[in-house]
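Q: Provided below are the primary sequence and the corresponding predicted coordinates.
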Number of protein chains: 2
Amino acid sequence: MAKIKAVKNGTKKDVITQKGAALFRKKGFAATSMRELADNIGVEASSLYNHIGSKSEILQNICFKVANDFNMHLNDVEKKQESAIFRLEDLIRFHIHMMLDTYDEVYVANHEWRQLEEPYLSNFLNQRKTYESRLIEIVNQGIMNGEFKKIHPHVAVLIILSAVRSLEFWQRHKKNINTTDLVNDMVTHLLNGLTK
Amino acid sequence: MAKIKAVKNGTKKDVITQKGAALFRKKGFAATSMRELADNIGVEASSLYNHIGSKSEILQNICFKVANDFNMHLNDVEKKQESAIFRLEDLIRFHIHMMLDTYDEVYVANHEWRQLEEPYLSNFLNQRKTYESRLIEIVNQGIMNGEFKKIHPHVAVLIILSAVRSLEFWQRHKKNINTTDLVNDMVTHLLNGLTK
DNA sequence: CCTACCGATCGGTAGG
DNA sequence: CCTACCGATCGGTAGG
């Protein structure tokens, strides 16, 4: 039974979304054709439309799934009411975890959101802006507490978010350093430059 | 005379490259049509081909121009034989400067290189890998010197390169913080987390 | 899920 | 630099 659960990838729609994410990451959304995606799955292009409404819809599914995962986790972190440094480390570790475990989806959400159509584009950007503001608020609290250096919280958040995105390049180096070392080194670099 | 120099943007080919960079950044390479680019310049699509050989060639010009600028500057920095921390700060400031001054081109080189065709794709990736290795060597020297903490130099370089890329999101915040503050805060965050 | 097909748009060329 | 046009490919639909 465990085997069946491990093998199945959910509905056909889920398969299309996953294969779509893998192709969109490798070639970009606009440069990937529905025929290519269909080939990759093993059906004709027209058959895809029994499970999804349009090519755009695949991109929407990917982007909003990723946004939702990050928002949900941030909700949890905010509820904890721990120190700012604890919450920030939790968030950094979650970002790294998401990047390593759902690489294609996160990559596509980071790079191809520009190809979303309205109103999805505006909605996505709003969500991202809100997420960023909530991170800034956490850093701000840490500055008030005296946990962090007095730098612009905006700049600190930009650096942290970008640093975790650097794992996009990680595939090449996977062999040389193990994940635990990587996460610890990253947290050290990012936080010890921020904590007093 | 100064006015003429300020107005002219070089050859028509340069205009095409610049307008191309602006459009490729906003919409992506694959999602930008030659008719759109031509409209933007104020000619018919077919007229573009008097100045450039193909759509791909525009992307090549952008990516290799950017790669060259970074390589040339790194050559200068390596010649200086200063402390590792001095050279690293110089490099960080140069990256920030490039990002702020030639935003479209750097953005496109960072995001759309995937759309390059062979042999340009391989060549570009090789250049990037070499550039990264040279930065790692600088950090490594700093660790040997005792200037830097003992973290994986690879991880440090990934964080630094990603952090300077975060300026891609900077446009939105330009009004709130001035550039000098930004650069200083960024250098502080990145280096004080790295220096003993 | 497939065959057959649509109108639109693409990058690019010929010829002046 | 433009008009006129090309073959190829695109996302998507009809109908079974």
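A: Thanks, I have it.
Q: Point out the other elements, helices or strands, that whatever helix or strand A:M186 lives in touches.
A: Assigned by DSSP states H and E, A:M186 falls within helix A:179-192. When contacts are defined as 3 or more C-beta pairs under 8 Å, 6 or more residues apart in numbering or on different chains; DSSP states H and E, helix A:179-192 sits against helix A:84-101, helix A:153-165, helix B:153-165. Glycine gets a C-beta too; all of them are placed from N, C-alpha and C.
Q: need these in a markdown table with mean pLDDT, can you?
A: Listed next are the helices and strands packed on helix A:179-192 as a markdown table, based on pLDDT from 0 to 100:
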| stretch | mean pLDDT |
| --- | --- |
| helix A:84-101 | 92 |
| helix A:153-165 | 91 |
| helix B:153-165 | 91 |
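Q: Throw those into TSV and include distance to DNA strand C and mean neighbour count, thanks.
A: Shown next, in TSV, are the helices and strands packed on helix A:179-192 (distance: least, C-beta to the nearest atom of the strand, whole Å; neighbours: other C-beta atoms under 10 Å in any protein chain shown):
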stretch	distance to DNA strand C	mean neighbour count
helix A:84-101	27	18
helix A:153-165	28	23
helix B:153-165	26	23
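Q: could the ones you listed go into CSV alongside distance to DNA strand D?
A: Output for those, formatted as CSV (distance: least, C-beta to the nearest atom of the strand, whole Å):
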stretch, distance to DNA strand D
helix A:84-101, 27
helix A:153-165, 26
helix B:153-165, 28
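Q: Kindly present these as a markdown table, with separate columns for distance to B:Q127.
A: Formatted as a markdown table, the helices and strands packed on helix A:179-192 follow (distance: least, C-beta to C-beta, whole Å):
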| stretch | distance to B:Q127 |
| --- | --- |
| helix A:84-101 | 25 |
| helix A:153-165 | 21 |
| helix B:153-165 | 14 |
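Q: For A:E36, give me its contacts.
A: Going by C-beta atoms under 8 Å, 6 or more residues apart in numbering or on different chains, A:E36 touches A:L23, A:K27.
Q: quick one: it and chain B, what's the gap?
A: Going from A:E36 to chain B by C-beta to the nearest C-beta, to the nearest Å gives 13 Å.
Q: quick check, that residue in a helix?
A: Yes - applying DSSP: H, G, I helix; E, B strand; the rest coil, one finds A:E36 inside a helix.
Q: Per-residue pLDDT of it, please?
A: Looking at A:E36, its pLDDT is 97.
Q: try the one 3 residues further on
A: Looking at A:D39, its pLDDT is 96.
Q: Would you tell me what helix or strand it is located in?
A: helix A:34-41.
Q: and after that helix, which helix or strand comes next?
A: Helix A:34-41 is succeeded, C-terminally, by helix A:55-80 (DSSP H and E).
Q: And DNA strand D, is that following helix touching that?
A: Yes - Helix A:55-80 lies within reach of DNA strand D by C-beta under 7 Å from any atom of the strand, at A:K55, A:S56.
Q: Packing partners of that helix?
A: If contacts are counted by 3+ C-beta pairs under 8 Å, 6+ apart, helix A:55-80 sits against helix A:12-27, helix A:84-101, helix A:103-111, helix A:120-145.
Q: now, of those helices, which is deepest in the fold?
A: Highest mean neighbour count among the helices and strands packed on helix A:55-80 (mean count of other C-beta atoms under 10 Å in any protein chain shown): helix A:103-111, with a mean of 21.
Q: quick one: average pLDDT of that helix?
A: 96.
Q: Give me the packing partners of that helix, helices and strands only.
A: Here helix A:103-111 touches helix A:12-27, helix A:55-80, going by 3+ C-beta pairs under 8 Å, 6+ apart.
Q: change it to 10 Å
A: helix A:12-27, helix A:55-80, helix A:84-101, helix A:120-145, helix A:153-165, helix B:103-111 (3 or more C-beta pairs under 10 Å, 6 or more residues apart in numbering or on different chains; DSSP states H and E).
Q: Convert that helix to CSV, retaining C-alpha atoms only.
A: What follows is helix A:103-111 as a C-alpha-only set of coordinates in CSV (Å, rounded to 0.1, in the frame of the first residue of the first chain):
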residue,chain,number,x,y,z
TYR,A,103,12.8,23.0,-6.8
ASP,A,104,11.0,23.2,-10.1
GLU,A,105,7.9,24.8,-8.7
VAL,A,106,9.7,27.4,-6.6
TYR,A,107,12.0,28.2,-9.5
VAL,A,108,9.1,28.8,-11.9
ALA,A,109,7.3,30.9,-9.3
ASN,A,110,10.4,33.0,-8.9
HIS,A,111,11.2,33.5,-12.6
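Q: Identify the residue spatially nearest to A:G142, adjacent ones excluded.
A: A:A84 (3.0 Å; C-beta to C-beta, 6 or more residues apart in numbering or on different chains).
Q: ok now do that neighbour, which residues does it touch?
A: Residues near A:A84 by C-beta atoms under 10 Å, 6 or more residues apart in numbering or on different chains: A:137-145, A:147-148, A:194-195.
Q: Likewise for A:V77?
A: When contacts are counted by C-beta under 10 Å, 6+ apart, A:V77 touches A:F86, A:R87, A:L88, A:D90, A:L91, A:F94, A:R134, A:L135, A:I138.
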